[in-house]
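Q: can't give you the sequence, but here's the structure:
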């Protein structure tokens, strides 16, 4: 159960962004109760540019809520069996049977005593570049509980390795005893020190607080894998000048189709690809197209620019990835590009967002080439919906997302700033500069719709304010749009591009 003074989750988000504290009251299953807050917390973290730690924060909050719920169960059990929880002797006797009677039969115990469980309060506040969480349970810690918690913090400082710590801190009477250690480990991996995570008593309440400052995370959050990626990007060759020249001709108002066709004809492979596109089901007329000049008319120069850029990128990156994975990424990019151009509201956005869609996944090629096993595990976790966002998972596990890698590649190749911004912010559109906001929002929405068609996300994992810009302000409309675009893509454009 989740209650608050707000009628929906968008109102508290606006309050958070104004620096106001918001309060919620939690009761029941940790997973069900906190799931409803997950979207709000993700959006709040996105505004600070630290949404990659969302999953870590949710795990810490869930573990804390579970511990508070167990503390409530303990007090109910002691009272039912007439034990004094503040008596060391009674505490030791009662805890010998607590695990068997309560933890091993949790569902029955919780249902039987549901009305007796206390509500846990959760407070959230944003100030400058920090976000603060505080959970309060209306029951004071006993001396035994305090010593147990203190031992966990000391064990973390001593071991820092969960396998080493397990034999020392395992506690069968009150659960595995690893919850606090796990929380501290998760936070440490994200560059958040143990000093920012506190458990203490305030009056008759037990409190747990977590304070996260963006600047501190950015200093601590770096990995050797991140450095390997930077080196790999540095080793990439410069972009293919011949393709650059064709793109420049396509953009020039003084260029003729004849001139552009002559330049393309210097590259037999490109010529063959363009003729293939012109004869695909999306464009093919009554007669087969056999001349480049005619192909340019059929396909259109804007789409030609997008596809030439994409062809150049994939040529340069193909040695970093097996052909099977490369084809899958190409297909994924095709779909995003198609969805994005259909969503675009004006011609200037449509022209750039097609290219941005094609390039949106190029960072994945570098990731796969350096650590295919980790990349696959990230994808598996996303498929099982263990995370809201692939970029968040990548950043929390390896220190950098494929979106950031893609942006760094486009910077190296001196692509337009608008494209770099779209690729970098494709999963957190609120961080884009105002001049690129429309482009980034369109790309973001296309990616969310594409991910929905592959069952990677659900509607609750999206940014409603962004979707509202495209008239997708309900789950029903979002699902209908995704289905419509998918059908149109498969019928008309699935064979348009050949790798």
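A: Perfect, thanks for sending it. No experiment lies behind these values; they were computed from the predicted model shown.

Q: pull the helix or strand with minimum mean pLDDT from this structure.
A: helix 162-169 (a mean of 51; mean pLDDT, DSSP states H and E).

Q: Can you tell me which helices and strands the helix or strand just after that one packs against?
A: Using DSSP states H and E, the helix or strand that follows helix 162-169 in sequence is helix 179-189. Applying 3 or more CB pairs under 8 Å, 6 or more residues apart in numbering; DSSP states H and E, we find helix 179-189 packed against helix 54-80, helix 143-159, helix 162-169, strand 197-202. All C-beta spots, glycine's among them, are computed from the backbone N, C-alpha and C.

Q: Need the ones you listed in TSV (columns: mean neighbour count and distance to residue 108).
A: Below are the helices and strands packed on helix 179-189 laid out as TSV (neighbours: other CB atoms under 10 Å; distance: least, CB to CB, whole Å):
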stretch	mean neighbour count	distance to residue 108
helix 54-80	20	12
helix 143-159	15	24
helix 162-169	13	28
strand 197-202	16	29
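
Q: Check residue 477 and give its pLDDT.
A: Looking at residue 477, its pLDDT is 93.

Q: That one and residue 279: what is the separation?
A: 36 Å (CB to CB, to the nearest Å).

Q: quick one: which of these two has more around it?
A: More neighbours surround residue 279 than the other of residue 477 and residue 279, with 17 against 14 (other CB atoms under 10 Å).

Q: could you point out which element follows the helix or strand containing residue 233?
A: Assigned by DSSP H and E, residue 233 belongs to helix 224-234. Using DSSP H and E, the helix or strand that follows helix 224-234 in sequence is helix 241-251.

Q: for that following helix, what is the average pLDDT?
A: 85.

Q: All the strands of the stretch 1-150 of the chain, residue numbers only.
A: With DSSP state E, counting those that start in this stretch as the criterion, the stretch 1-150 of the chain has strands at 2-4, 22-26, 120-127, 130-137.

Q: out of these, which comes closest to residue 409?
A: Comparing those against residue 409 with CB to CB, the closest turns out to be strand 130-137 (30.9 Å).

Q: Run me through the strand neighbours of that closest one, direction for each.
A: strand 120-127 (antiparallel), strand 205-213 (antiparallel) (DSSP bridges).

Q: Redo these as TSV? Include distance to residue 82 and mean pLDDT.
A: Putting those into TSV (distance: least, CB to CB, whole Å; pLDDT from 0 to 100) gives the following:
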stretch	distance to residue 82	mean pLDDT
strand 120-127	26	92
strand 205-213	23	92
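
Q: Ok, which of those strands comes nearest residue 481?
A: Among those, strand 120-127 sits nearest to residue 481 (CB to CB), with 31.7 Å.

Q: From the chain's centroid, how far away is the closest one?
A: 22 Å (CA atoms, centre = their mean, to the nearest Å).

Q: Other residues contacting that strand?
A: 12, 16-17, 19-27, 37, 41, 44, 47-48, 61, 65, 68-69, 131-137 (CB atoms under 8 Å, 6 or more residues apart in numbering).

Q: Of all the residues in that strand, which ones are buried?
A: 120, 121, 122, 124, 125, 126 (16 or more other CB atoms under 10 Å).

Q: which one of those is nearest residue 205?
A: For these, the nearest to residue 205 is residue 121 (8.6 Å; CB to CB).

Q: what's the spacing between residue 80 and residue 112?
A: 10 Å.

Q: can you list residues touching both of the two?
A: In contact with both residue 80 and residue 112: no residue, using CB under 8 Å, 6+ apart.

Q: ok so, going back, and residue 256, which of the strands paired with strand 130-137 is closest to it?
A: Between residue 256 and the strands paired with strand 130-137, the tightest spacing by CB to CB is seen for strand 120-127, at 55.8 Å.

Q: now that closest one against helix 54-80, angle please.
A: 150 degrees (axes from the mean of the first three to the mean of the last three CA atoms, to 10 degrees).

Q: which stretches of the stretch 351-499 of the chain form strands?
A: Remark: no strands are assigned in the stretch 351-499 of the chain by DSSP E, counting those that start in this stretch.

Q: Show me the shaky parts of it.
A: 371-389, 392-393, 395-399, 456-458, 460, 492-499 (pLDDT under 70).

Q: Let me see the ranges of the helices in it.
A: 362-370, 372-383, 390-398, 402-412, 417-424, 437-453, 464-468, 475-488 (DSSP state H, counting those that start in this stretch).

Q: Dump these to a markdown table, plus distance to residue 330.
A: Shown next, in a markdown table, are these (distance: least, CB to CB, whole Å):
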| stretch | distance to residue 330 |
| --- | --- |
| helix 362-370 | 10 |
| helix 372-383 | 16 |
| helix 390-398 | 18 |
| helix 402-412 | 14 |
| helix 417-424 | 16 |
| helix 437-453 | 14 |
| helix 464-468 | 26 |
| helix 475-488 | 17 |
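
Q: Which among those is found nearest to residue 349?
A: Ranking the helices of the stretch 351-499 of the chain by proximity to residue 349 (CB to CB) places helix 437-453 first, at 5.3 Å.
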